[in-house]
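Student: can't give you the sequence, but here's the structure:
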């Protein structure tokens, strides 16, 4: 894979773009602002991933030496400039959305995202739990960004509800990823939650977050946000979530954490499908 594409972490970027597509499907609308919102998310998440790799260069030498920067395929300074260019493109898209809709919240959200993504990569990533919460918040913010791009009161409310769901589950996955990366983080001197408080407590928090999200799932049907078909599909995601939680509670080794992280991502994709199906 081309290193300039690989460093963007296409899987994460596509997942974030899918969020905006989902919002458009739920709102039953297609417009230029929605297309710009998809592009804004593409640029912003890509920028966040690149600047994260830039600041994580030394840690990745241990945890992920095959990544574009530690492997030498992209120079450190080039990666930094690449990130800045992506941030600029995302900000321009946010500005255009606000100009077209007459609503300045999308532009404000993009500016906030620029700041949070940079500060996260520079400082917050290694801050116990706060870094995990930041990633979860940014995932949920994608839904809210889409909701404000559509601009209707119902869609803004719905996007906030879905954003909270994504926030909780993403936070659970981020804690799991910290368990997965614990050895490299220790060598680098990072102070992640699993390092400071242990993998067992981290696993318990992950499990609690998973249960909270699963318990909230029926509310999206009860409040008439989604139809009955949503319940059938989200049940599959819930089973995957709970199974993942049980796995990490039983065993917190690196291989199990990697497997659980993968399962949680699959579960979230299925949950996204349930949102789309439930909106018709």
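Tutor: Cool, got the structure. No experiment lies behind these values; they were computed from the predicted model shown.
Student: in the helix or strand containing residue 50, what's buried?
Tutor: Using DSSP states H and E, the secondary-structure element containing residue 50 is helix 32-55. Going by neighbour count (16 or more other C-beta atoms under 10 Å), the buried part of helix 32-55 is 33-34, 36-55. Yep, even glycine has a C-beta here, placed from its N, CA and C like the rest.
Student: mind giving me the packing neighbours of it?
Tutor: Under the contact definition 3 or more C-beta pairs under 8 Å, 6 or more residues apart in numbering; DSSP states H and E, helix 32-55 sits against helix 10-27, helix 76-101, helix 105-122, helix 130-150.
Student: quick check: which of the ones you listed is buried the most?
Tutor: helix 130-150 (a mean of 24; mean count of other C-beta atoms under 10 Å).
Student: phi and psi next, for the residue lying farthest from the centre of the chain.
Tutor: Largest separation from the mean C-alpha position in the chain: residue 102, at 27.5 Å (C-alpha atoms, centre = their mean). Backbone torsions for residue 102, taken as degrees, to the nearest 10, come to phi 70, psi 20.
Student: measure it to residue 93 for me?
Tutor: If you measure residue 102 against residue 93 using C-beta to C-beta, to the nearest Å, the figure is 16 Å.
Student: also residue 242?
Tutor: Residue 242 is 38 Å from residue 93, where distance means C-beta to C-beta.
Student: picking up where we left off before, next SSE after the helix holding residue 50?
Tutor: Counting by DSSP H and E, what follows helix 32-55 is helix 57-63.
Student: neighbouring contacts of that next one?
Tutor: 53, 67, 69, 70, 76, 181, 183, 184, 185, 187, 188, 190 (C-beta atoms under 8 Å, 6 or more residues apart in numbering).
Student: give the buried residues for that helix.
Tutor: Under the neighbour-count criterion of 16+ other C-beta under 10 Å, helix 57-63 has 59, 60, 61, 63 buried.
Student: how about stretch 241-248?
Tutor: Using 16+ other C-beta under 10 Å as the test for burial, stretch 241-248 gives 241, 244, 245, 247, 248.
Student: in the stretch 151-280 of the chain, what spans have low per-residue confidence?
Tutor: Across the stretch 151-280 of the chain, the ranges flagged by pLDDT under 70 are 188-189.
Student: that one: helices as residue ranges?
Tutor: In the stretch 151-280 of the chain, the helices defined using DSSP state H, counting those that start in this stretch lie at 153-180, 182-188, 193-197, 199-216, 219-222, 228-250, 254-278.
Student: circling back to that earlier point, do you know the pLDDT at the residue farthest from the centre of the chain?
Tutor: Residue 102 is assigned 92 on the pLDDT scale.
Student: over to the one 3 residues further on?
Tutor: Residue 105 carries a pLDDT score of 96 in this model.
Student: residue 109: what's it in contact with?
Tutor: 94, 141, 144, 145, 148.
Student: and what of residue 218?
Tutor: Contacts of residue 218 by C-beta under 8 Å, 6+ apart are residue 231.
Student: residue 280 and residue 226 touch, don't they?
Tutor: No. Look at residue 280 against residue 226 with C-beta atoms under 8 Å: they stay out of range, at 9.2 Å.
Student: and residue 186, how close does it get to residue 254?
Tutor: For residue 186 relative to residue 254 (C-beta to C-beta), the value is 12 Å.
Student: what does residue 33 give?
Tutor: Per C-beta to C-beta, residue 33 is found 43 Å from residue 254.
Student: for residue 141, give me its contacts.
Tutor: 109, 112, 113, 163.
Student: show the pLDDT at it.
Tutor: 95.
Student: straight-line length of stretch 59-72, end to end?
Tutor: Terminal residues of stretch 59-72 are spaced 14 Å apart (C-alpha to C-alpha, to the nearest Å).
Student: quick one: mean pLDDT for it?
Tutor: Here the average pLDDT along stretch 59-72 is 80.
Student: distance from the chain centre to that stretch, please.
Tutor: Remark: stretch 59-72 is offset 22 Å from the chain centroid, using C-alpha atoms, centre = their mean, to the nearest Å.
Student: kindly report the same for stretch 9-19.
Tutor: Worked out by C-alpha atoms, centre = their mean, stretch 9-19 lies 8 Å from the chain centre.
Student: mind listing residues that contact that stretch?
Tutor: Outside stretch 9-19, the residues that touch it by C-beta under 8 Å, 6+ apart are 38, 41-42, 45-46, 49, 139, 142-143, 146, 166, 265, 268-269, 272.
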